[in-house]
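[1] Here's a sequence, model it:
(one chain, ligands or ions: 1)
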Amino acid sequence: MTGIAAEPDPGSIARALVAWYQGARRDLPWRRTRDPYAIWVSEIMLQQTRVATVIPYWTRWMARFPTLAALAAAPLDDVLAAWAGLGYYSRARNLHAGAAEVIGRFGGALPATAARLREVRGIGAYTAGAIASIAYGERAPLVDGNVARVLARVFAVETDVKSAAGTRALWTLAGAVMAALPAELAAGDLNQAVMELGATVCTPAAPTCLVCPVHDACRARAAGRQDELPVVPPRKREDALPVVARTALWIVDDRGRVALARRRPEGLFGGLWELPAGADVAAAAAAIGATVTSAGAIAMTHRQVLSHRRLVIDVVPAQIAAGARLAAAAESGYDAVDWHPVHAAPALGLAASTAAILATEKDASWISTPGPSSCSPRATPRSSKGSSSSATTSTTRTSSTPRSARARASTSSSTTRSRSGARSKRS
Ligand code: SF4
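    Below is the predicted model:
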């Protein structure tokens with residue numbers, strides 16, 4: 001930390017934040033309840049996702065799974081379908097598994113302390129602090145992306161906030177502010193106040209310091225260093241991201257339904273439905289009982305930039321033999337493969353790449369014409385429904401450039417990584 005100004009007083013900051021929050025808080029549906037399950041759902045949905053996006057999802061979710069027991073009893077397919085479009089589906093899978101764990105290990109009630117909450121699958125330090133403080137009133141601190149930004153600016157934290165040292169410094173500061181909260185004030189209000197300030201006032205760009213309740217104490221503001229703090233590592237350039245290349249199969253039956261396969265629950269993107277795919281096109285087809293048609297011609301190529309990698313998916317027509325049935329072989333990585341009407345597929349828990357490819361269906365004659373060798377690549381590149389609603393996707397481009405037939409081998413599929421940093425995007 002710098003010596004540019006007096007050390008901010010945690011007690012003054014805590015009081016100012018809570019007082020401000022009483023008047024400035026947004027009326028959000030999950031703020032009208034103290035139900036720890038409802039708060040848990042909201043906190044998980046809000047990770048990586050904006051408030052405006054979450055509100056209708058949370059409302060539908062609570063109507064569909066009103067209690068923790070209802071969620072635990074629901075099939076994973078239903079849970080993923082309710083999550084469809086929110087992205088980062090591991091959150092939904094963990095909620096589902098966590099609910100079952102609470103039923104089995106904690107008698108159906110979420111534990112009341114942050115320490116015990118962390119024993120539940122999918123509940124990390126941030127979520128535990130949120131549930132414990134908001135639902136149970138425990139004086140548990142928390143740090144998410146918004147809190148990190150506010151604390152780093154107010155206290156002029158000079159360490160990379162994503163490093164281990166930076167994380168420790170932020171949790172220590174959050175703990176100090178919480179410890180200094182006057183006894184008559186609510187811990188949940190303090191935590192929500194810091195998050196609200198980060199979402200609405202102390203924004204990443206152009207914070208509105210003039211209306212900030214901790215304006216006088218803020219060291220970044222005093223030094224005019226709001227643009228420099230928090231310190232974050234430089235973003236990787238898009239072209240420096242590793243490429244994961246796969247071939248997806250486009251198989252349509254005589255009723256116009258498309259073959260979709262469900263990933264096994266334990267792996268990456270577990271439980272999601274997608275066009276059957278693999279690194280090797282012939283092997284991917286054989287694993288579900290299909291054969292590649294039209295000499296493996298690529299009908300269209302989908303490109304998608306994720307946080308840690310770039311996906312390049314060639315879509316190739318395939319077919320199954322007359323009288324044969326789709327079946328997921330053990331080596332396929334799928335636990336189910338079935339026919340689905342294209343228009344109904346978005347209601348499934350659908351992988352973002354497949355959602356993007358299916359979203360071109362109205363524009364592309366190749367994709368709506370059953371059978372082999374009928375690909376007439378007229379797809380218009382456009383943003384997809386799947387990509388626009390998926391928090392995992394920064395950009396999505398789908399093109400239909402025909403190329404010569406080839407079976408594509410993956411160059412980096414084994415290094416595929418999922419995004420794990422839990423920075424909140426609530427705003
Ligand atoms: S004074 Fe400005 S930089 Fe400091 S916490 Fe408030 S909004 Fe953020």
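
[2] so the residue in the stretch 1-150 of the chain positioned nearest to the ligand is in which element?
    Nearest to the ligand in the stretch 1-150 of the chain, going by Cβ to the nearest ligand atom, is residue 150, at a distance of 5.3 Å. Any C-beta I mention is one placed from the backbone N, CA and C, and that applies to glycine too. Under the criterion of DSSP states H and E, residue 150 resides in helix 145-154.

[3] circling back to that earlier point, ok, the residue of the stretch 1-150 of the chain closest to the ligand - contacts?
    194, 197-198, 202 (Cβ atoms under 8 Å, 6 or more residues apart in numbering).

[4] Let me know the average pLDDT across the helix holding residue 150.
    Helix 145-154 shows a mean pLDDT of 98.

[5] ditto for stretch 224-241
    90.

[6] Next, the buried residues of it.
    For stretch 224-241, burial by neighbour count (16 or more other Cβ atoms under 10 Å) applies to 225-226, 229-230, 232, 241.

[7] what about it, start to end distance?
    One end of stretch 224-241 sits 34 Å from the other (Cα to Cα, to the nearest Å).

[8] Quick one: residues in contact with it.
    148-149, 152-153, 156-163, 166, 207, 209, 219-220, 305-306, 308-310.

[9] ok, the residue of the stretch 51-200 of the chain found nearest the ligand to residue 205 distance?
    Taking Cβ to the nearest ligand atom, the ligand has its nearest neighbour within the stretch 51-200 of the chain at residue 153, 4.0 Å off. Using Cβ to Cβ, to the nearest Å, residue 153 is found at 13 Å from residue 205.

[10] go on, residue 337?
    Distance of residue 337 to residue 205, given as Cβ to Cβ: 46 Å.

[11] need the contact list for the closest residue to residue 147 other than its chain neighbours.
    Sequence neighbours aside, residue 194 is the residue nearest to residue 147 in space, at 4.8 Å (criterion: Cβ to Cβ, 6 or more residues apart in numbering). Residues counted as contacts of residue 194 (Cβ under 8 Å, 6+ apart) are 17, 146-147, 150-151, 174, 177.

[12] quick one: which of the residues you listed is nearest to residue 112?
    Checking the contacts of residue 194 against residue 112 with Cβ to Cβ, the nearest one is residue 174 at 20.0 Å.

[13] is the helix or strand hosting that closest one anywhere near the ligand?
    Assessed by DSSP H and E, residue 174 sits inside helix 164-179. No. Judged by Cβ under 6 Å from any ligand atom, helix 164-179 stays clear of the ligand, getting no closer than 12.3 Å.

[14] That helix versus helix 145-154: what angle between them?
    Compare the direction of helix 164-179 with that of helix 145-154 by axes from the mean of the first three to the mean of the last three Cα atoms, to 10 degrees and you get 90 degrees.

[15] can you pull out the strands in the chain?
    Secondary structure of the chain, counting by DSSP state E: strands at 243-250, 257-263, 273-274, 277-278, 291-292, 300-306, 310-319, 334-341, 393-399.

[16] Next, format these as CSV and append distance to residue 350 and mean neighbour count.
    Putting those into CSV (distance: least, Cβ to Cβ, whole Å; neighbours: other Cβ atoms under 10 Å) gives the following:
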stretch, distance to residue 350, mean neighbour count
strand 243-250, 13, 22
strand 257-263, 8, 23
strand 273-274, 5, 25
strand 277-278, 13, 23
strand 291-292, 23, 18
strand 300-306, 13, 22
strand 310-319, 14, 23
strand 334-341, 10, 16
strand 393-399, 13, 18
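
[17] Include distance to residue 130 when you put those into TSV, please.
    Below are the strands of the chain laid out as TSV (distance: least, Cβ to Cβ, whole Å):
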stretch	distance to residue 130
strand 243-250	33
strand 257-263	30
strand 273-274	31
strand 277-278	37
strand 291-292	49
strand 300-306	27
strand 310-319	32
strand 334-341	33
strand 393-399	26
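
[18] Compare the ones you listed and give me the one nearest the ligand.
    strand 393-399 (25.8 Å).

[19] The spatially most central residue of the chain and residue 337: what is the separation?
    The residue lying closest to the centre of the chain (Cα atoms, centre = their mean) is residue 88, at 2.9 Å. Separation of residue 88 from residue 337 (Cβ to Cβ): 24 Å.

[20] go on, residue 200?
    For residue 200, the distance to residue 337 equals 46 Å [Cβ to Cβ].

[21] isn't residue 135 right next to residue 31, touching?
    No. Using Cβ atoms under 8 Å, residue 135 is not in contact with residue 31; the gap is 11.5 Å.

[22] Which one of these two is surrounded by more residues?
    Neighbours per residue, other Cβ atoms under 10 Å: of residue 135 and residue 31, the larger number sits with residue 135, 20 against 15.

[23] check contacts around the closest residue to residue 119 other than its chain neighbours.
    Take residue 119 and drop its neighbours on the chain: the residue closest to it by Cβ to Cβ, 6+ apart is residue 111, 7.1 Å away. Neighbour list for residue 111: 117, 119-120 [criterion: Cβ under 8 Å, 6+ apart].
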